[in-house]
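A.B. asks: Fold the following.
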Amino acid sequence: MKDPNKTPQTRQEQREQRLLSRRKQMTQHGKGLAQVYKDAVEKKAKQKP
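C.D. replies: Numbers count the residues shown, from 1 in each chain. Predicted structure coming up:
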């Protein structure tokens, strides 16, 4: 049975919710690359006398 309190959504509203949920599931890009760069800079700094 459907919930009578819930208003039916238009296709556009359904699409927006679906896209929003997909965006939330995506990993944040670039974070790993920033960590690699940071590690490389720290390693380089430690090597200098």
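
A.B. asks: contacts, neighbours, all on C-alpha from now
C.D. replies: Will do.

A.B. asks: measure Lys43 to Gly32 for me?
C.D. replies: Computed with C-alpha to C-alpha, to the nearest Å, the distance linking Lys43 and Gly32 is 17 Å.

A.B. asks: from the chain's centre, how far out does the strand or helix carrying Gln14 sit?
C.D. replies: Applying DSSP states H and E as the criterion places Gln14 in helix 11-25. From the chain centre to the centre of helix 11-25 is a distance of 14 Å (C-alpha atoms, centre = their mean, to the nearest Å).

A.B. asks: do stretch 38-49 as well
C.D. replies: With C-alpha atoms, centre = their mean, you get 30 Å for stretch 38-49.

A.B. asks: How is Lys6 assigned, secondary-structure-wise?
C.D. replies: Classification of Lys6 using DSSP: H, G, I helix; E, B strand; the rest coil returns coil.

A.B. asks: mind showing which ranges of this protein have poor pLDDT?
C.D. replies: Along the chain, segments meeting pLDDT under 70 span 1-5, 26-30, 48-49.

A.B. asks: same thing but 90
C.D. replies: Segments of the chain classed as low confidence (criterion: pLDDT under 90) are 1-10, 20-38, 44, 46-49.

A.B. asks: and the longest helix for it?
C.D. replies: The longest helix of the chain (DSSP state H) is helix 31-47.

A.B. asks: residues of that helix that come out buried?
C.D. replies: Across helix 31-47, burial judged by 16 or more other C-alpha atoms under 10 Å covers no residue at all.
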